[in-house]
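Enquirer: Build me a structure from this.
(chains A and B)
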There are 2 protein chains.
Amino acid sequence: MPSLESYTRNLPYSYALGLFPASELMRKRPELAKRLLVSSKAENSEGLQALRELCQKHHVREENADRVLSRISGKDNCFAAVVFDKFQGELTNGNHLVLHHPSDKGNLGTMLRTALGFGYTDIAIIRPAADAFDPHVVRASMGAIFGLNVRYYDDFADYRCEFPEHALYPFMLDASVPLSEGVRQKKEPFALIMGNEGSGLPAEFAQMGQAVRIPHSGEIDSLNLSIAAAIGMYIFKEE
Amino acid sequence: MPSLESYTRNLPYSYALGLFPASELMRKRPELAKRLLVSSKAENSEGLQALRELCQKHHVREENADRVLSRISGKDNCFAAVVFDKFQGELTNGNHLVLHHPSDKGNLGTMLRTALGFGYTDIAIIRPAADAFDPHVVRASMGAIFGLNVRYYDDFADYRCEFPEHALYPFMLDASVPLSEGVRQKKEPFALIMGNEGSGLPAEFAQMGQAVRIPHSGEIDSLNLSIAAAIGMYIFKEE
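Expert: Prediction:
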């Protein structure tokens, strides 16, 4: 492997920064791991010891890499990371979370973590969109991405072509049906569709499936995207 | 007013950074506003024009302040801000959101925004805790803090002394009762109690009121705090 570069979208590998995300990688997708990077400032904690053992078991070599770690983590104090090959997931025919043009890395990471927590393991992301393999997303997801099938599509139509039978539930601020009512007619498998942070979903989504809205007061413009997605996933799972 | 300082917790004033938060301040608490700061790089957008008009109406003076803006906003590209006097809220006897030792600024801001959206206007914060007036929190809240009663307490006992009758619902990972069941015995007024991001609530909260948990798979350690708080607030409002 040549010397490690700062992360960009076109790089074939990425970084799981921090003990928790790196350990999730080693537990769930060890075959993707290439190298363990450890800072000389790292304390020999239990967590680091456990990560080392996982890496040894899977023949992943350890390196001291102070400069690389501070460069790739930016302002974060990050003392360990695992380099991994990026992968393309395949969606199953179960329930889906569809993210249409998500742009914020923190929101994307949080949504992946929530999705794994609520058993939504199939995630479709419609471009343009934040990069789920960006180290900041991987970190915000707490490594949840290693337990998920994440697949990118250039267009919603491409996704729909592959899964024409899913019942669609677009989340829209101006939908006439509140979430609590929409979920009562739930059909499985379904796809919960969330729009962009600033612009939401394009108007044509109102004609697809059953658009729903999460009622909130007029005191705020909208809920944060990761909050809306979480409430949608919780309600569709629990009801 | 003397020259403007970088924000610290002990400063008597703070900054509403960005057009949306600054406009929320001017709409909801104009009496607190001291100065409008505008960057020479700001485009004369409709939003800026509306903010200027609000400030003129309330006799808030405009200043060019490039250096101050870039200093206080850090890495953010922030072209406008309003300086405001910090305030202490008084809680009403309605339903409360109680945040016990919240430490992350982004989470705190998001929780304030969600709270305002779901009509939880009374927020108790138990110290040690992130500072709700920190410019990054104000910004993450999208100015929601100006529509809320936020009050800090040194101790949960101090809060409880003031509101001994509220039905308590601590959110805990190991509570035996799931949220959907706990909410069925809802009594008003209630207080939803959320713990710290890393450590949750201390064990003694399990004996107070009705502890509830949000069921999630073992694939994640926990939900993000702002996600858990949002689901709790939504369910207690809707059911």
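Enquirer: hmm, who's touching the worst-scoring helix or strand of chain A on mean pLDDT?
Expert: Lowest by mean pLDDT, DSSP states H and E among the helices and strands of chain A is helix A:66-73, with a mean of 87. In this structure, residues lying in contact with helix A:66-73 by CB atoms under 8 Å, 6 or more residues apart in numbering or on different chains are A:4, A:6-7, A:15, A:17, A:37, A:39-41, A:78-81, A:135. To be clear about C-beta, it is placed using only N, CA and C from the backbone, and glycine gets the same treatment.
Enquirer: now swap in stretch A:12-22 and tell me
Expert: So stretch A:12-22 is contacted by A:7, A:24-25, A:34, A:36-37, A:45, A:47-48, A:51, A:72-73, A:76, A:78-86, A:133-135, A:138-139, A:141-143, A:146, B:221 (CB under 8 Å, 6+ apart).
Enquirer: quick check: mean pLDDT across that stretch?
Expert: Across stretch A:12-22, the average pLDDT comes to 96.
Enquirer: Next, the buried residues of that stretch.
Expert: A:13-19, A:21-22 (16 or more other CB atoms under 10 Å in any protein chain shown).
Enquirer: And for stretch A:124-132?
Expert: Across stretch A:124-132, burial judged by 16+ other CB under 10 Å covers A:124-126, A:129-132.
Enquirer: Now tabulate those in a markdown table and tack on distance to A:Ile193, pLDDT and secondary structure.
Expert: Formatted as a markdown table, the buried residues of stretch A:124-132 follow (distance: CB to CB, whole Å; pLDDT from 0 to 100; DSSP: H, G, I helix; E, B strand; the rest coil):
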| residue | distance to A:Ile193 | pLDDT | secondary structure |
| --- | --- | --- | --- |
| A:Ala124 | 9 | 98 | strand |
| A:Ile125 | 11 | 98 | strand |
| A:Ile126 | 9 | 98 | strand |
| A:Ala129 | 13 | 98 | coil |
| A:Ala130 | 17 | 98 | coil |
| A:Asp131 | 20 | 98 | coil |
| A:Ala132 | 17 | 98 | coil |
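Enquirer: so which of these would you say is closest to B:Gly94?
Expert: The closest of the buried residues of stretch A:124-132 to B:Gly94 turns out to be A:Ala130 (CB to CB; 37.8 Å).
Enquirer: hang on, that closest one packs against A:Ser103?
Expert: Yes - A:Ala130 is within contact range of A:Ser103, at 5.7 Å (criterion: CB atoms under 8 Å).
Enquirer: which residues do the two both contact?
Expert: Common contacts of A:Ala130 and A:Ser103, defined by CB under 8 Å, 6+ apart, are absent altogether.
Enquirer: Okay, and which of the buried residues of stretch A:12-22 map to helices?
Expert: A:19, A:21-22 (DSSP state H).
Enquirer: Domains in chain A, by residue range?
Expert: A:13-85, A:96-238 (automatic domain parsing).
Enquirer: Would you single out the least confident of those domains?
Expert: Among these, domain A:13-85 carries the lowest mean pLDDT, a mean of 92.
Enquirer: Check the offset of that domain from the chain's centre.
Expert: Here the centre of domain A:13-85 is set off from its chain's centre by 19 Å, with CA atoms, centre = their mean, to the nearest Å.
Enquirer: which neighbours does the strand or helix carrying A:Leu192 have in its sheet, and in what orientation?
Expert: Assigned by DSSP states H and E, A:Leu192 falls within strand A:190-194. Strand A:190-194 sits in its sheet next to strand A:96-100 (parallel), strand A:167-170 (parallel), going by DSSP bridges.
Enquirer: rewinding a little: going by distance to B:Gly198, which of the ones in helices among the buried residues of stretch A:12-22 wins?
Expert: Checking these one by one against B:Gly198 (CB to CB), the nearest turns out to be A:Leu19, at 13.3 Å.
Enquirer: can you tell me how far that closest one sits from A:Cys78?
Expert: Noted for A:Leu19: a distance of 9 Å to A:Cys78, by CB to CB, to the nearest Å.
Enquirer: go on, A:Leu36?
Expert: Distance, A:Leu36 to A:Cys78, by CB to CB: 13 Å.
Enquirer: Would you map the strands across chain A?
Expert: Counting by DSSP state E, chain A has strands at residues A:13-17, A:33-38, A:61-64, A:80-85, A:96-100, A:122-126, A:149-153, A:167-170, A:190-194.
Enquirer: How about the residues of chain A by chain B?
Expert: Neighbours of chain B within chain A, by CB under 8 Å from any CB of the partner chain: A:20, A:106, A:110, A:113-114, A:116-119, A:142, A:144, A:147, A:180, A:214-217, A:219-221, A:223-224, A:226-227, A:230-231, A:234, A:238.
Enquirer: now, which of these lie within helices?
Expert: Using DSSP H, the subset of these located in helices is A:20, A:106, A:110, A:113-114, A:116-117, A:180, A:226-227, A:230-231, A:234, A:238.
Enquirer: For PyMOL, write a command that selects the buried ones of the residues you listed.
Expert: Command for PyMOL that selects the buried part of those, burial taken from 16+ other CB under 10 Å:
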select buried, chain A and resi 106+110+113+114+116+117+226+227+230+231+234
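Enquirer: If you drop the residues flanking it in sequence, what lies closest to A:Leu168?
Expert: Computed as CB to CB, 6 or more residues apart in numbering or on different chains, the closest residue to A:Leu168 that is not its neighbour in sequence is A:Gly209, at 2.9 Å.
Enquirer: same deal with A:Thr110?
Expert: Nearest-residue entry for A:Thr110: A:Ser226, 4.1 Å, with adjacent residues in sequence omitted and distances by CB to CB, 6+ apart.
Enquirer: any idea how far that neighbour lies from B:Ala206?
Expert: 28 Å.
Enquirer: swap in A:Met142?
Expert: Distance of A:Met142 to B:Ala206, computed by CB to CB: 25 Å.
Enquirer: Could you pull up the contacting residues of the nearest residue to A:Pro128 once chain neighbours are set aside?
Expert: Closest residue to A:Pro128 apart from its sequence neighbours, by CB to CB, 6+ apart: A:His101 at 5.9 Å. Contacts for A:His101 (CB under 8 Å, 6+ apart) come out as A:126-129, A:195-196, A:199.
Enquirer: before we move on, what about A:Leu51?
Expert: A:19, A:22-23, A:26, A:36, A:80, A:82.
Enquirer: Grab the nearest non-local neighbour of it.
Expert: What sits nearest to A:Leu51 in space, not counting adjacent residues and going by CB to CB, 6+ apart, is A:Ser23, at 5.2 Å.
Enquirer: Leaving out sequence neighbours, find the closest residue to A:Glu239.
Expert: A:Val183 (4.6 Å).
Enquirer: err, A:Glu43, not the other one
Expert: Leaving aside its sequence neighbours, A:Glu43 sits nearest to A:Phe79 (CB to CB, 6+ apart; 7.7 Å).
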